[in-house]
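Student: would you be able to build a 3D model of this:
(chains A and B, ligands or ions: 2)
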Amino acid sequence: MADLVSHPAEVKVVSKRFGKGAANIDRYLELDGYKAVQKALGMDPDAIINEVKTSALRGRGGAGFATGMKWSFVPKQSAKPKYVLCNGDESEPGTCKDRLILEHDPHSVIEGVMIAGLAIGARIGYIYIRGEYRYLSVIMEKAIADAYARGFLGKNIFGSGRDFDVYWHGGAGAYEVGEESALMESLEGKRGIPRIKPPFPAVVGLFGGPTVINNVETLASVPPIILQGGEWFASLGTPKNGGTRLYCLNGHINNPGVYELPVGFNLLRMINEVGGGIWKGRKLKAVTPGGSSCPILKAEECDIAMDFDTLMKAGSMLGSGGVVILDDQTCMVKYALRTIKFYQHESCGWCIPCREGTDWLKKSLTRFHAGAGLKKDIDNIQYLAENMLGRTFCALGDAAAMPTISIVKKFRNEFEDHLEGRPCPYDPEAVTQQLPVLAGAH
Amino acid sequence: MRFSDQLETRIATMLTHYPVKRSILVPTLLFVQDEVGYLSDEAIAEVAKRVELTELEVRNVISYYSMLSLKPKGKFNIQVCTNICCMIRGGESIFDHCKKKLGIGHKMTTPDGLFSLEEVECIGACSWAPAMQVNYDFHENLTAEKVDAILDDYKRKAQQ
Ligand SMILES: Cc1cc2nc3c(=O)[nH]c(=O)nc-3n(C[C@H](O)[C@H](O)[C@H](O)COP(=O)(O)O)c2cc1C
Ligand code: FES
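Tutor: Ligands and ions are numbered 1, 2, ... in the order given. This is a model prediction of the structure:
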């Protein structure tokens, strides 16, 4: 459905079967499918975890936690069943990569779930797919059924004497459900409200059992690691940042699309070479490097390696790989406003700093963009956002505060440009659109 | 209340996937909504019975999820994304265009019951922005002309 793109700089590991009909199980088998899980069946669980540790694979869902390490936290013995939960809620604005994996290579996700299960001693895996992605759950449902029909899933998988079940599970529209503990609540049939941590899911997770939760892309990276080795995977990226990533290059560039590039690829090269440069002959103003929750980078900060640690040092994050590229005609106040509008809409309302903070930020920014902001509001926005940080059950509050803080800090001049009734310099009509009460004032 | 055979089979199968009945709630509600058109009182009561919860508990869950609706929608629900990637590539004017063309606003339905309109958050089509979904179908790299053609297409489909 969604158009595929290609660029010579790409290194295709997770996307190597895109466009090759691999949703069909026979085709998947021709393209080395289900070899990794058979290899894993012959391995000791610790050996699987060590291979993943060696690969320096880090979570592709946002936080970038080391995957092998996460798996090693699961207790060996457990009275309750253990689970693998694949996070396909993909809702962080700017992110549209899991969609491609689920569409073009659903079996690789199933295989990743199975290998994770073998590593931690789970016998059941769930693949959670956001409700809007109905066509992908149709694809996944067929892929799972085909795998059962071949004896790859169910009892005695591959004649190994071991059992493994995989089910897909559908959401119904909620960004917050992508947060791992809210995800488990949703799968248990409840409102997606985060749980207090600790205990972490690896110890007490789904239905009270130890649970490993990983992003779709993380799990799709596992079969190649088992087949080709952790060292090979690690060597594709930068130290402690193994492999490749599906970078979603979005916004004001000539060739937007999802490209698979080594972790650590230079952001400017991404924009200019891979993305074909800024559109309409304009100049680069800023980049949100890893989904809407990541602090913004100014154009002059963009000569940077896109890996977790380098971005962290630069005060931002690699997040979910959604790169939003903004040209010099973008109003940063409006961009901040639209971002906060999203988080305000999606806040589950459980924690007061998040529920109230996002609402006040939205109100202040709406007023600002309409030209009715006060100078002291600039500092108030900053103060409010800073006071949300670290004061909530889950990271949604941080996700809302971080981009706001960075935009106000780095583009304060644009906020000042909106003061004293001055209409948005980039969009003079914003006044009447945003604040109906002011409509008559002109 | 009985659902279609297909949905009954689905519900029965789903119940075998989890250690607790309640787990089927969210996906079941969406499947029921797709079949009934919306979550009617009758449908809610039925689902509550199947998962052994009170209706209040079910309603409590419904109110959390943005796709679940207590009111009927048009035959074709148009969901235009105006989140950041779509916004900066013209998503808002696509939404305005739909409003004008259909003569309705956010979360409204045309009098003939054919179209509903909704401004939605990111639908995972950011690299093909601006984008919208009509029911579950994605339409991407939109322009006003493209939207016109798409809506006309659905109108034609409805007449067949
Ligand atoms: C508000 C919020 C939303 C999130 N949404 C997603 C999501 O849609 N998909 C995802 O994989 N991770 C999401 N995460 C991150 C998950 O909590 C979790 O860290 C991740 O699924 C773990 O997988 P990984 O280690 O493979 O990245 C979200 C986190 C927060 C705080
Ligand atoms: S921002 Fe519109 S689809 Fe992601």
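
Student: right, is stretch A:311-331 up against ligand 1?
Tutor: No - using CB under 6 Å from any ligand atom, stretch A:311-331 stays clear of ligand 1, with a minimum separation of 6.7 Å. (Each C-beta comes from the backbone N, C-alpha and C, glycine too.)

Student: next one: that stretch, is it in contact with chain B?
Tutor: Yes - applying CB under 8 Å from any CB of the partner chain, one finds stretch A:311-331 in contact with chain B at A:322, A:324, A:326, A:330.

Student: what does chain B put close to ligand 2?
Tutor: B:81, B:83-86, B:122-126, B:129, B:131.

Student: what does the strand or helix carrying B:Thr9 rub up against?
Tutor: In the assignment (DSSP states H and E), B:Thr9 maps to helix B:5-15. Contacting residues not belonging to helix B:5-15 are listed as B:2-3, B:21, B:24, B:27-28, B:31-32, B:35, B:50 [CB atoms under 8 Å, 6 or more residues apart in numbering or on different chains].

Student: ok, stretch B:42-60 next?
Tutor: With CB under 8 Å, 6+ apart as the test, stretch B:42-60 has contacts from A:189, A:191, B:1, B:3, B:11, B:21-22, B:24-25, B:28-29, B:32-33, B:36, B:62.

Student: in that stretch, what counts as buried?
Tutor: Buried residues in stretch B:42-60, counted by 16 or more other CB atoms under 10 Å in any protein chain shown: B:43-44, B:46-48, B:50-51, B:53, B:57-59.

Student: ok, B:Leu70 touching B:Gln33?
Tutor: No - counting by CB atoms under 8 Å, B:Leu70 sits too far from B:Gln33 to count as a contact (9.6 Å).

Student: joint contacts of these two?
Tutor: Common neighbours of B:Leu70 and B:Gln33 (criterion: CB under 8 Å, 6+ apart): B:Leu39.

Student: so for the two, which residue has more residues nearby?
Tutor: Between B:Leu70 and B:Gln33, counting by other CB atoms under 10 Å in any protein chain shown, B:Gln33 is the more crowded of the two (22 against 14).

Student: you'd agree the more buried one is up against B:Ser69?
Tutor: Yes - between B:Gln33 and B:Ser69 there is a contact under CB under 8 Å: 6.6 Å.

Student: residue at max distance from the center of chain B?
Tutor: Computed with CA atoms, centre = their mean, the maximum C-alpha offset from the centroid of chain B is found at B:Pro19, amounting to 28.5 Å.

Student: SS state for the nearest residue to it once chain neighbours are set aside?
Tutor: Closest residue to B:Pro19 apart from its sequence neighbours, by CB to CB, 6 or more residues apart in numbering or on different chains: A:Phe207 at 5.4 Å. Three-state call for A:Phe207 (DSSP: H, G, I helix; E, B strand; the rest coil): helix.

Student: count the residues that sit near A:Phe207.
Tutor: Neighbours of A:Phe207 (other CB under 10 Å): 17.

Student: what residues are up against it?
Tutor: A:Phe207 neighbours (CB under 8 Å, 6+ apart): A:80-81, A:83, A:188, B:18-20.

Student: so it versus ligand 1, what's the distance?
Tutor: 18 Å (CB to the nearest ligand atom, to the nearest Å).

Student: what about the strands in the chain?
Tutor: In the absence of a named chain, this looks at chain A. A:83-88, A:124-129, A:165-170, A:211-215, A:244-251, A:257-262, A:284-288, A:297-298, A:322-327 (DSSP state E).

Student: that was the other one, I meant chain B.
Tutor: Going by DSSP E, chain B shows strands at B:76-81, B:108-109, B:115-120, B:132-134, B:137-139.

Student: contact partners for A:Tyr335?
Tutor: Counted by CB under 8 Å, 6+ apart, A:Tyr335 has contacts A:326, A:407, B:84, B:87-88.

Student: in chain B, which residue sits nearest ligand 1?
Tutor: As assessed by CB to the nearest ligand atom, ligand 1 sits closest to B:Gly124 within chain B, at 9.4 Å.

Student: can you pull the pLDDT of that residue?
Tutor: B:Gly124 is assigned a pLDDT of 98 by the prediction.

Student: neighbours of it, just the number please.
Tutor: Neighbours of B:Gly124 under the rule other CB under 10 Å: 29.

Student: helices along chain B, start to end?
Tutor: B:5-15, B:25-36, B:41-51, B:55-62, B:84-87, B:91-102, B:144-159 (DSSP state H).

Student: next one: the stretch 251-400 of chain A
Tutor: A:267-269, A:308-313, A:332-346, A:352-369, A:375-386, A:396-410 (DSSP state H, counting those that start in this stretch).

Student: of all those, which one is nearest B:Gln160?
Tutor: helix A:332-346 (36.5 Å; CB to CB).

Student: how is chain A partitioned into domains?
Tutor: Domain segmentation of chain A under automatic domain parsing yields A:25-235, A:244-327, A:332-441.

Student: ok, chain B next?
Tutor: Taken from automatic domain parsing, chain B resolves into B:5-64, B:76-159.

Student: need the winner for burial among these.
Tutor: domain B:76-159 (a mean of 20; mean count of other CB atoms under 10 Å in any protein chain shown).

Student: now do the same end-to-end measure for that one.
Tutor: For domain B:76-159, the first-to-last residue distance is 13 Å (CA to CA, to the nearest Å).

Student: who's in contact with residue 136?
Tutor: If you meant another chain, say so; for now it's chain A. A:88, A:99, A:102-103, A:106, A:129.

Student: other chain: chain B
Tutor: Here B:Tyr136 is in contact with A:132, A:134-135 (CB under 8 Å, 6+ apart).

Student: out of the residues you listed, who's nearest chain B?
Tutor: A:Arg134 (4.0 Å; CB to the nearest CB).

Student: identify the residue spatially nearest to that closest one, adjacent ones excluded.
Tutor: A:Arg134 sits nearest to B:Tyr136 (CB to CB, 6+ apart), 4.0 Å away.

Student: also A:Ala36?
Tutor: A:Ala36 sits nearest to A:Pro223 (CB to CB, 6+ apart), 3.6 Å away.

Student: wait, isn't the one you found in contact with A:Gln38?
Tutor: No - if you go by CB under 8 Å, A:Pro223 and A:Gln38 don't touch, sitting 10.5 Å apart.

Student: among these two, which residue is more densely surrounded?
Tutor: Counted by other CB under 10 Å, A:Pro223 and A:Gln38 do not tie: A:Pro223 has more neighbours, with 28 against 17.

Student: can you tell me how far that one sits from ligand 1?
Tutor: Applying CB to the nearest ligand atom to A:Pro223 and ligand 1 gives a distance of 15 Å.

Student: pLDDT value on that residue, please?
Tutor: A:Pro223 is assigned 98 on the pLDDT scale.

Student: and the gap between A:Ala66 and A:Ala143?
Tutor: 28 Å (CB to CB, to the nearest Å).

Student: ok, now A:Ala401?
Tutor: According to CB to CB, A:Ala401 stands 39 Å off from A:Ala143.

Student: neighbour count winner among the two?
Tutor: A count of neighbours by other CB under 10 Å puts A:Ala401 above the other of A:Ala401 and A:Ala143, at 30 against 25.

Student: ok, that one - contacts?
Tutor: So A:Ala401 contacts A:357, A:385-386, A:388-389 (CB under 8 Å, 6+ apart).

Student: now for the contacts of helix B:5-15: which two are most distant?
Tutor: B:Lys21 and B:Glu35 (19.8 Å).

Student: was I right about A:Ala36 contacting A:Val222?
Tutor: Yes - using CB under 8 Å, A:Ala36 is in contact with A:Val222, at 7.4 Å.
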